[in-house]
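K.L.:
Model the structure of this input:
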Amino acid sequence: MSARRAYRPPARPASARQSNAVYWRRRIILTLVVGLVGLLGYLGVTLGMALTNQSYGVSASARIAEWGRDHWLGGVVTWAEAEYYKLNPPKKGGRPTLQAFGSGPTEFKIPAGGHLPPPVDMVSPAKPALPGEGKWHIAGRETATGIPTMYEAFVRPNAVNTSYVVGVAWMDPTLLRAQLYSGQYIPGPGTYSHSAPITPDASKTLVAAFNAGFRMQDARGGYYTDGRIVAPLRVGAASAVIFKDGTMTVGAWGTDVAMSNQVASVRQNLDLIVDHGQPVPGLSNNNFSQWGATLGGTLNVWRSGLGVTKNGAIVYVGGPSMSITDLAHVLMLAGAVRGMELDINTDWVQLATFGGKLNTPITGANGTDLLPGMAYRPDRFFATWETRDFFTMSLRSNETVLPKKAKK
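P.N.:
Reported below is the predicted structural model:
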């Protein structure tokens, strides 16, 4: 029986195999090109939207930076900002105009009782103090009986950059109620009982509004409001806590403050920078893991911070040319026993005080920024486009009407 060779189909010509490889290579290249065009188109559209988004900042550079952080370019943005500040450091020496330290009376004849005593004048970090530096001035709406609810003072942040001035606000929580307003950008999408714009009804007793902290991705902390945890709270994080009675404090979560049925809101941001009345150790280290994946702590930029004094007053500091060490030092000099950093950079540091007849609706036109160099105007807090969180201070209801005369 003869063996027959098994049938083998003829081999494909080399030209056919080469055509097949070229086909698939072209398909892969085409897919990559289409994907790249789609990605570039998406980035272009979202960048265009960011450049017209008022909640992303006043300047084009701020809006581009916010867009970059939202589109996987946070490291690039931080590097670019750091390089810019290194190449454009704040001016050394010089002196501001004396008008920069505020105006109005600096001596107060206020009845004692029912409120905290006025703050003691601040010592300037840039000794010796210039005339008017560190002196407190009455700011914002007063109670129906004429008692001041908050004061402002102005100092130079350090002894090197002496032409710059930062603002300090001191607020009395026995006369004021704190409220956290939440936004769709910070802390994120959701339904909140208090969101911008401030309503006409809420504006009737409004005294001040000021910025909160970093985006939640950068804050190294959590967020609690309206009875729910929006972002997980971190033990040890610096926390601005508002209680249901409207009082407010600042402390380390789990040590100075903790969850209870009396807590209304918790806004965390990094770690404490002031504790036991002193700046905490390590502030001079440019530690991104501790001071946030933004600009660390050593660069002198616009910064803001919040603290609480021994007798419970709330202190806000905001202004230019501050390292995180400068910020902590100014908070301490304002009497803070515990303090935290809030947001930084020119577009995000803002406190506004409000005047106008009590129990009457007001608008941003009734507001005054703590410093003239603040990027946003006070009407920001009344804008429908505002999507970042912020705090307000308003007169307590019993402080908006004159007490009834005692019956004879």
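
K.L.:
Please count neighbours and contacts with C-alpha atoms only from this point.
P.N.:
Will do.

K.L.:
what bits of the stretch 301-408 of the chain have low per-residue confidence?
P.N.:
Scanning the stretch 301-408 of the chain for pLDDT under 70 picks out the ranges 405-408.

K.L.:
which residue ranges form the helices in it?
P.N.:
Taking DSSP state H, counting those that start in this stretch as the criterion, the stretch 301-408 of the chain carries its helices at 324-333.

K.L.:
any idea where the strands of the stretch 251-400 of the chain begin and end?
P.N.:
Secondary structure of the stretch 251-400 of the chain by DSSP state E, counting those that start in this stretch: the strands cover 263-268, 272-275, 278-279, 301-309, 314-322, 336-344, 351-354, 367-369, 390-395.

K.L.:
and of those, who's closest to Leu36?
P.N.:
strand 336-344 (34.5 Å; Cα to Cα).

K.L.:
which phi and psi does Ser55 have?
P.N.:
phi -70, psi -10 (degrees, to the nearest 10).

K.L.:
Distance of the closest residue to it other than its chain neighbours relative to Ser182?
P.N.:
Nearest non-adjacent residue to Ser55, counting by Cα to Cα, 6 or more residues apart in numbering: Glu386, 5.3 Å away. Distance of Glu386 to Ser182, given as Cα to Cα, to the nearest Å: 10 Å.

K.L.:
Among these two, which residue is more densely surrounded?
P.N.:
Legend: neighbour count by other Cα atoms under 10 Å for Glu386 and Ser182, higher for Ser182 (26 against 22).

K.L.:
which residue sits closest to that one in space, ignoring its chain neighbours?
P.N.:
Leaving aside its chain neighbours, Ser182 sits nearest to Asp389 (4.4 Å; criterion: Cα to Cα, 6+ apart).

K.L.:
OK, contacts around the residue nearest to Ser55?
P.N.:
For Glu386, the contact set (Cα atoms under 8 Å, 6 or more residues apart in numbering) comprises 54-55, 183, 196-197, 380.

K.L.:
Export those residues to JSON lines and append columns for distance to Glu66.
P.N.:
JSON lines is the format used below for the contacts of Glu386 (distance: Cα to Cα, whole Å):
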{"residue": "Gln54", "distance to Glu66": "11"}
{"residue": "Ser55", "distance to Glu66": "10"}
{"residue": "Gly183", "distance to Glu66": "15"}
{"residue": "Ala196", "distance to Glu66": "19"}
{"residue": "Pro197", "distance to Glu66": "21"}
{"residue": "Arg380", "distance to Glu66": "18"}
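
K.L.:
Of those, which is the nearest to His137?
P.N.:
Closest to His137, out of all of the contacts of Glu386 and judged by Cα to Cα, is Arg380, at 24.2 Å.

K.L.:
So the closest one sits against Gly364, correct?
P.N.:
Yes - Arg380 is within contact range of Gly364, at 7.3 Å (criterion: Cα atoms under 8 Å).

K.L.:
that older thread, give me the common contacts of Glu386 and Ser182.
P.N.:
What both Glu386 and Ser182 touch, as defined by Cα under 8 Å, 6+ apart, is the set Ala196.

K.L.:
related to what we said a few turns ago, just give me the neighbour total for the residue nearest to Ser182.
P.N.:
Neighbours of Asp389 using other Cα under 10 Å come to 25.

K.L.:
and if you look at Val120?
P.N.:
So Val120, with other Cα under 10 Å, has 12 neighbours.

K.L.:
helices and strands of the protein: which one bottoms out on pLDDT?
P.N.:
Within the chain, confidence by mean pLDDT, DSSP states H and E is lowest for helix 288-291 among all helices and strands, at a mean of 57.

K.L.:
which helix is the longest one in the protein?
P.N.:
helix 14-51 (DSSP state H).

K.L.:
which regions of the protein lie under the pLDDT threshold?
P.N.:
Looking at the chain by pLDDT under 70, you get 1-18, 39, 42-44, 47, 50, 67-68, 72-74, 77, 285-298, 405-408.

K.L.:
Outline the domain layout of it.
P.N.:
What automatic domain parsing lists as the domains of the chain is 16-87, 98-399.

K.L.:
The longest helix of the chain - contacts with which helices or strands?
P.N.:
helix 60-70 (3 or more Cα pairs under 8 Å, 6 or more residues apart in numbering; DSSP states H and E).

K.L.:
Just give me how far the helix it packs on sits from the chain centre.
P.N.:
16 Å (Cα atoms, centre = their mean, to the nearest Å).

K.L.:
And Ala148, its phi and psi?
P.N.:
Not Ala; residue 148 is Pro. Main-chain dihedrals, Pro148, degrees, to the nearest 10: phi -60, psi 140.

K.L.:
Leaving out sequence neighbours, find the closest residue to it.
P.N.:
Closest residue to Pro148 apart from its sequence neighbours, by Cα to Cα, 6+ apart: Glu142 at 4.6 Å.

K.L.:
Assign the one you found to helix, strand or coil.
P.N.:
Recorded secondary structure, Glu142: coil (DSSP: H, G, I helix; E, B strand; the rest coil).

K.L.:
is it true that it touches Thr149?
P.N.:
Yes - judged on Cα under 8 Å, Glu142 makes contact with Thr149 at a distance of 5.6 Å.

K.L.:
Of these two, which one has the most company?
P.N.:
Shown here are Glu142 and Thr149; by other Cα under 10 Å, Thr149 has more neighbours (27 against 22).

K.L.:
Go ahead and confirm the more buried one touches Arg177.
P.N.:
No - contact between Thr149 and Arg177 fails when scored by Cα under 8 Å: they sit 10.7 Å apart.

K.L.:
what is in contact with those two at once?
P.N.:
Here Thr149 and Arg177 share the contacting residues Leu395, scored by Cα under 8 Å, 6+ apart.

K.L.:
how much space between Val349 and Arg25?
P.N.:
53 Å.

K.L.:
These two: which is more packed in?
P.N.:
The residue with more neighbours, out of Val349 and Arg25, is Val349; 27 against 12, by other Cα under 10 Å.

K.L.:
And stretch 124-131, what's buried?
P.N.:
124-126, 130 (16 or more other Cα atoms under 10 Å).

K.L.:
now swap in stretch 92-112 and tell me
P.N.:
Using 16+ other Cα under 10 Å as the test for burial, stretch 92-112 gives 100-102.

K.L.:
Kindly report the same for stretch 85-94.
P.N.:
Pro90.
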